[in-house]
Each structure stands twice: as structure tokens, then as C-alpha cells.
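1. I'll drop the sequence and a predicted model, then ask my questions.
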Amino acid sequence: MNDSPAARAEIRVLVVDDSAFMRTALARMITSEAGFEVVATASSGAEALERIPSLDPDVVTLDVQMPGLDGLATLRAIMQKFPRPVIMVSAATEKDAHITFSALSAGAFDYVPKQLSRSSLDISHIRSDLIAKIRAAAQARRPSAPIGIRKSPRSVGFKAGDAPSLAAPAIVAIGSSTGGPKALQEILPCFPRDLPVPILIVQHMPVGFTVPFAQRLDSLCALTVREATTRELIQPATVYIAPAGLHMRVEGRLSDGRPMISLDPEPVDSLHIPSVDVCMKSVAAFYGNSACGVIMTGMGSDGAEGMKAIYLAGGLTIGQDESSCTVYGMPRVCAELGILARIVPLNEIPTQILQATRRRKPA
């Protein structure tokens, strides 16, 4: 085997799972992608920690549930001794979901749900998600690697104290994907329990993860956080998480026109369900220049059309900056379109929202 730098694969992966079937299945999926190499597999957390120093993989995929040193303990050891991107491979059970969110807080790059059915052990359906996240993780570790031509954003961040002539927001819509769970856990606890506006969040997640995620956020926040339910009235100081598998929209209640949540799977051909675009377009249509859109870390371009709708309606648009994003994909597209009024680091997003909403006049 030629171990010279020229012979090294573009992205080298260590697969860690106590199941021989899963190790084989994941390794086959990864090596089927050009430029990807599985440098080794490990059947336990202890074995993974032994092999990382000599193998130096770019990315580690790590099972959540393992006997002995479990996925969370292994992750913490990796982050302390050999920091690098780790992708958790998790079953879509409530217990696994809670552990996965703890792993994201402990430094995991992202997660991929196995979603095995009782009648089938086929996991080939996760291949595209797995490959995309491994690629993003490797690029995050090597930020100087070429990832396409970058255009200079036409919009710039405002300094603290600047007060553009925008209407005070009556609602905040947030869109995020890769890196979003950890980012949301950082910013939502910064809001006071008397926040005068509601927050709608579309975070790309598989079925089975949004309820535990909402519960986790609720335990961390002064605000009430819950998974949205259809036809409920939208209230201030409440955070609504779009359920996995359903688009979330704002609609007027027929009797009095007050805003309420609408949930449905249409359009079923959306790349993401729920979709940031679907939610934000409805927010722009209902609230006009009283809408606020926030686009955060994530792969792809979901949210660009929705943020554009809010921008054209005269609402406030805020984008997370590149330096604080896990993946600068969704915010980058919006920046390049010139539809962001403010581009700020993650930790400044709550301040920007609070400064804007405090300009609201009493009803």
C-alpha cells in the first residue's frame, strides 16, 4: 500500500460501530463514493481511541449505542485527545435522539439516523445523507480546501446600535440545518421569558427527533419551546419547532384572522420536509414588513427563497456569518443574493433580534 500524500484519498473515514453488519454496510456506502476511503473500522469506542492517532482519519462515524465505552463517552474522549469531525450514527428512538443531542452539545459535527425497520435491515437509503455530511465535515476540518468560487456578499453586518428604518418584527422565523441543533441550543436560552414575539423554527431533522429536540430546548430556555401542532394560535414568548415530515406555515384563523400554525406534507416533492422556504414565504405573506427571517448554519440553499420573500416584503433579514457556521451553505446563498440586512456571528443573533423587537410599540 502506498501511503504517500499523493496516494491518500481525498476524505479518509474511520467507521465505529459494535455491529459487524453496520460496519460493513457503512463502509461499503462510503467507499462507493469517489475520493472516499474507509481507513479502518472499529467495533468499540476503546478500539477507536487506540486507532485514531496512527490512522489520523479526517472524519469518524460513531455509533450512539455501544457496550462498554458508549458513543457519547467515546466522542468526549476524541474531542479531548484527537479533535476532529465526528458524525453520530443513531437509531431514531427517543433515547437515541436525546443522546444524539447531548453528543452535538459535546462537539459532534452532525448525525445520521439509521432508521432501520423491523422488516428490513437495508440502510442504503441513508447513503446520500451520510456522504453529504462526511464531505461537509471534512471540508470543515480543512477550511482552506477549495469549495467553489465565493462571491463577496453585497450586504454587510450592522454595528451594535445601528437602527435601520425597518418595522419592529412581530414574528421571527429561523431556518437551519447542519450544525443547527447545537447553534439553536446556544442562542435560544439568551431570550427572556417575556419576549414580545413568537419564534418559528424549521430545523432539518428526521422523524422521531423533533419532539425530543423541543423537549431539550424547553429545558434550557426561559421561553416555552414545543413541537408545533396544527391550527394552534401563535403566541408571543413561544418557540414552535416544525415537526419532521410536515411543512409549517402561518395562516389566519377564519373567525378573527389571528395567526395560527398550519401543518401539511405538501409539496411532497420538496427536497426538505419541513422546508425553510415554505415556512418563511408564509411568514412574509402574513406579516409583511413585520416579519423577521434568520438563516443559520446548514448545507444547501433551503431558505434562500423564503428569506428573499421576507426581504422583498420589507422585513428584517439576518444571516449567520461564515466564521461561526458549522457549514456556511444556506447563509452564503442568501448573502450572495444580497438579501441579508445583517450578517453577524451566532452569538450576536439574539442581540440583533432583541434590539429589533424592543422597538415594538405597545398594542
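-> Structure received. Residues are numbered from 1 along each chain as shown.
2. Next up, the contacts around M248.
-> Contacts here follow CB atoms under 8 Å, 6 or more residues apart in numbering; on that basis M248 touches L200, V202, A228, Y240, A242, I261, S262, L263, P274, V278, C279. For glycine as for every other residue, the C-beta is placed from the backbone atoms N, C-alpha and C.
3. Spatially nearest residue to it (excluding sequence neighbours)?
-> Distances taken as CB to CB, 6 or more residues apart in numbering place A242 nearest to M248, at 3.8 Å, with adjacent residues excluded.
4. The one you found and L200: what is the separation?
-> 7 Å (CB to CB, to the nearest Å).
5. which residues are in contact with both of the two?
-> Shared contacts of A242 and L200, defined by CB under 8 Å, 6+ apart, are found at A228, M248, C279.
6. Strands - which of the residues you listed land there?
-> Here DSSP state E is the test, and the shared contacts of A242 and L200 give M248 as lying in strands.
7. Mind picking the one among the shared contacts of A242 and L200 that's closest to Q185?
-> A228 (18.4 Å; CB to CB).
8. and that closest one, how many neighbours does it have?
-> Number of residues near A228 (other CB atoms under 10 Å) recorded here: 24.
9. if I read this right, it contacts I241, doesn't it?
-> Yes: with contact defined as CB atoms under 8 Å, A228 reaches I241; the gap is 6.3 Å.
10. on that earlier part again, can you tell me which of the contacts of M248 comes closest to T24?
-> Nearest to T24 out of those is P274 (CB to CB; 33.4 Å).
11. quick one, strands of the stretch 151-300 of the chain?
-> With DSSP state E, counting those that start in this stretch, the ranges of strands along the stretch 151-300 of the chain come out as 171-176, 199-203, 224-227, 238-241, 247-252, 259-264, 291-295.
12. Is it correct that the residue nearest to M248 is in contact with T210?
-> Yes: contact criterion CB under 8 Å: A242 and T210 qualify, at 7.2 Å.
13. list residues touching both of these two?
-> Shared contacts of A242 and T210 (CB under 8 Å, 6+ apart): Q203.
14. so where's the chain shaky on pLDDT?
-> 1-9, 92, 115-122, 142-166, 360-363 (pLDDT under 70).
15. Which residues are in contact with L346?
-> A183, E186, I187, M296, T297, Q320, D321, S324, C325.
16. Not counting sequence-adjacent ones, nearest residue to the fourth one?
-> Computed as CB to CB, 6+ apart, the closest residue to M296 that is not its neighbour in sequence is S176, at 4.0 Å.
17. go on, the second one?
-> Nearest in space to E186, with sequence neighbours left out and distances taken as CB to CB, 6+ apart, is L346 at 6.4 Å.
18. Pull up the gap between the one you found and Q352, please.
-> Counting by CB to CB, the separation of L346 from Q352 is 11 Å.
19. now S44
-> With CB to CB as the criterion, S44 and Q352 are 45 Å apart.
20. next one: I310
-> I310 sits 14 Å away from Q352, taking CB to CB as the criterion.
21. okay, the two: which has more neighbours?
-> Each of I310 and Q352 has its neighbours counted (other CB under 10 Å); I310 has more, 28 against 20.
22. got the contact list for the nearest residue to the more buried one once chain neighbours are set aside?
-> Excluding its sequence neighbours, the residue lying closest to I310 (CB to CB, 6+ apart) is G293, at 4.0 Å. With contact set as CB under 8 Å, 6+ apart, G293 has these partners: 172-175, 280, 283-284, 303, 306-307, 310-311, 315-318.
23. for G300, same thing?
-> S177, L271, H272, G329, M330.
24. Now do the first one: how many residues are near it, please.
-> Looking back up the chat, that one is S177. Applying other CB under 10 Å, we find 26 residues neighbouring S177.
25. I'd like to know how far it sits from L223.
-> According to CB to CB, S177 and L223 sit 22 Å apart.
26. ok so P331 is a helix residue?
-> Yes: looking at P331 with DSSP: H, G, I helix; E, B strand; the rest coil, it is inside a helix.
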